[in-house]
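Peer 1: coords please:
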Amino acid sequence: MNIEQEVLSKIVPDETENSRISNIVESVKNRVAETAVSLGADVEPLLVGSVAKGTHLKNPDIDIFVQFPPSTTREKLEDLGLKIGRAVLNDPEERYAEHPYIWGTYEGFVVEIVPCYKINDPSQKMSAVDRTPFHTAYIMENQKEEQKDQVRLFKQFLKGTGIYGAEAEIEGFSGYLCELMILYYGDFANALQNGKEWRKGTTITFDDREHGEFREPLVVIDPVDPSRNVASALSDENFAIFVHACREYISNPRIEFFFPNKPKPDSLENLKSRMESRGTTFLGIKFHAPKTLSDIVHSQLRKAIIAIEKECARHGFGILGAHYYVNEDALLLFEFEVSKLPSTKSHRGPPVWHPNSADFCAKWENSDKAKGGLYIKDGHWYVDIERDFTDASQLLTAKLTSLNLGRHLNEAVEKDFELLAGDELFQESRAAWLTMFLDKKFPWGY
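Peer 2: Purely as a prediction, here's the structure:
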């Protein structure tokens, strides 16, 4: 048995599980229809997603769309859709895509019940989810039976390499994108052979229709809606990781690409020693995580890191690396290459012959911040001035609440935040995360 056969033996549902899934799907659809009748709603339940296409792994999520007539108001669609979901599922939880839907469980499986409009053509879409049934139909019509397991292999490879999922926490490949990759390249092996040669801007199309222009690293034109890039969620970093993973796997295939070993957390004592040995400064910003959608929290945490890095660089503090950790609290961790600076810095002005040189001289020749007189170097005016901040922690304390971190994060840090350094950073609950932060290994390297 080769590696890929071994992987399939672990991830493909057997006949018993598939039969149980089919029964649950029918039961959920029947209950949706019955509940809709009791509410006076004219709907049609439809199975979509990987289960409908036969590309699901073991213990899959089940996606049921509740299709409403286009004449239904958006308010009524959302209200009735949520009522149906709550009535059908156990432990119902309201979640939000473009509009709210219900996530819950049913006989041991995770089920999502999503309201949408029943339209005849994707161009008629009234919300983003309305095109999903067309995605399902397209894959079912064009996918060969033998390609279903190839999709499963591709999905598990992406899971193992840490880049499966289009949500903001991951910024990777969606299930639909995986299916399109196998349709386009034929099988798992050919997808990886081509993937290792991808360059930023690689574009994949399925027909000759005109399509939009996109700037993402990978462009896969949606065969259902050519105005959309199916790969829009894929980040530059994860695009590069995929290319690297393809090369590594082809060079040295290993089961760890599909089922990576869990990193063993270092002891807190070792973590302290490793961090001290780097000769850098670690600073954390801790605050209560906003109680809002996961996608919003993760996207704003990334935005916050970029904003803080720019502000620190503007004041001369170099950052070697940054990451975030989130559960009930959020922690932004920064490794400073330079965290303390002298009180004086050289400030460069315009060339002596530049029209603005007179204004520069007028501003600084009598300034309280100037540390000495104006001078000329390399044809430019210079003046030595007093720094606003000599310590990165001072800068963060003074400037954090004025930066654009995203609305929810701004609200959170305005209420309260705490700077952490040294021993304050070390908790057992963060040991695995800190270990990975320092290791900088790919998932298949453990």
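Peer 1: send me the longest helix anywhere in the chain as CSV with only the CA atoms.
Peer 2: Counting by DSSP state H, the longest helix found in the chain is helix 15-38. Output in CSV follows, covering the C-alpha atoms of helix 15-38 (Å, rounded to 0.1, in the frame of the first residue of the first chain):
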residue,chain,number,x,y,z
GLU,A,15,-20.6,2.3,3.1
THR,A,16,-22.1,2.2,6.6
GLU,A,17,-21.2,5.8,7.3
ASN,A,18,-22.4,7.0,3.9
SER,A,19,-25.7,5.2,4.4
ARG,A,20,-26.1,6.8,7.8
ILE,A,21,-25.2,10.2,6.3
SER,A,22,-27.8,9.7,3.6
ASN,A,23,-30.5,8.8,6.2
ILE,A,24,-29.6,11.9,8.3
VAL,A,25,-29.8,14.2,5.2
GLU,A,26,-33.3,12.9,4.3
SER,A,27,-34.4,13.2,7.9
VAL,A,28,-33.2,16.8,8.1
LYS,A,29,-34.7,17.8,4.8
ASN,A,30,-38.0,16.3,5.9
ARG,A,31,-38.0,18.1,9.2
VAL,A,32,-37.1,21.4,7.4
ALA,A,33,-40.1,20.9,5.0
GLU,A,34,-42.5,20.0,7.8
THR,A,35,-41.3,23.0,10.0
ALA,A,36,-41.6,25.3,7.0
VAL,A,37,-45.2,24.2,6.4
SER,A,38,-46.0,24.9,10.1
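Peer 1: list the buried ones in it?
Peer 2: Residues 21, 24, 25, 28, 29, 31, 32, 33, 35, 36 are the ones in helix 15-38 that count as buried (16 or more other Cβ atoms under 10 Å). (Each C-beta comes from the backbone N, C-alpha and C, glycine too.)
Peer 1: same question, stretch 283-302
Peer 2: Neighbour-count burial for stretch 283-302 [16+ other Cβ under 10 Å]: 283-287, 289-290, 295-302.
Peer 1: start and end of it, how far apart?
Peer 2: Criterion Cα to Cα, to the nearest Å; first-to-last residue distance in stretch 283-302 is 17 Å.
Peer 1: then stretch 256-276?
Peer 2: Stretch 256-276: ends 31 Å apart by Cα to Cα.
Peer 1: so what touches that stretch?
Peer 2: 3, 7, 10, 153, 156-157, 159-162, 245, 248-249, 282, 423, 426-428, 431-432, 434-436, 438-439, 441, 443-446 (Cβ atoms under 8 Å, 6 or more residues apart in numbering).
Peer 1: quick one: the helices in the stretch 301-446 of the chain?
Peer 2: 357-364, 392-399, 407-415, 431-439 (DSSP state H, counting those that start in this stretch).
Peer 1: just checking, residue 169 is part of a helix?
Peer 2: No. Residue 169: not assigned to a helix; according to DSSP: H, G, I helix; E, B strand; the rest coil it is coil.
Peer 1: how near is the nearest residue to it once chain neighbours are set aside to residue 425?
Peer 2: Nearest non-adjacent residue to residue 169, counting by Cβ to Cβ, 6 or more residues apart in numbering: residue 298, 4.4 Å away. Between residue 298 and residue 425 the computed distance is 21 Å (Cβ to Cβ, to the nearest Å).
Peer 1: can I get stretch 140-151 in PDB? Just the C-alpha atoms.
Peer 2: C-alpha atoms of stretch 140-151 as PDB (Å, rounded to 0.1, in the frame of the first residue of the first chain):
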ATOM      1  CA  MET A 140     -21.700  17.000  -9.900                       C
ATOM      2  CA  GLU A 141     -22.100  17.400 -13.700                       C
ATOM      3  CA  ASN A 142     -18.400  17.600 -14.500                       C
ATOM      4  CA  GLN A 143     -16.700  15.500 -12.000                       C
ATOM      5  CA  LYS A 144     -15.700  11.900 -12.900                       C
ATOM      6  CA  GLU A 145     -16.400   9.200 -10.300                       C
ATOM      7  CA  GLU A 146     -12.700   8.400  -9.900                       C
ATOM      8  CA  GLN A 147     -11.900  12.100  -9.200                       C
ATOM      9  CA  LYS A 148     -13.900  12.100  -5.900                       C
ATOM     10  CA  ASP A 149     -11.100  10.300  -4.100                       C
ATOM     11  CA  GLN A 150      -8.500  12.600  -5.800                       C
ATOM     12  CA  VAL A 151     -10.400  15.600  -4.300                       C
END
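Peer 1: please identify the buried residues of that stretch?
Peer 2: Of the residues in stretch 140-151, those buried (16+ other Cβ under 10 Å) are 143, 147, 148, 149, 150, 151.
Peer 1: narrow those to those in helices?
Peer 2: Among those, the members that lie in helices (by DSSP H) are 147, 148, 149, 150, 151.
Peer 1: host element of the residue nearest to the first one when sequence neighbours are not counted?
Peer 2: Spatial nearest neighbour of residue 147, excluding adjacent residues (Cβ to Cβ, 6+ apart): residue 182 at 5.2 Å. Here residue 182, judged by DSSP states H and E, is contained in helix 175-185.
Peer 1: can you list the strands that the lowest-mean-pLDDT helix or strand in the chain pairs with?
Peer 2: Across the helices and strands of the chain, mean pLDDT, DSSP states H and E gives its lowest value to strand 90-96, namely a mean of 92. Here strand 90-96 has these sheet partners by DSSP bridges: strand 100-106 (antiparallel).
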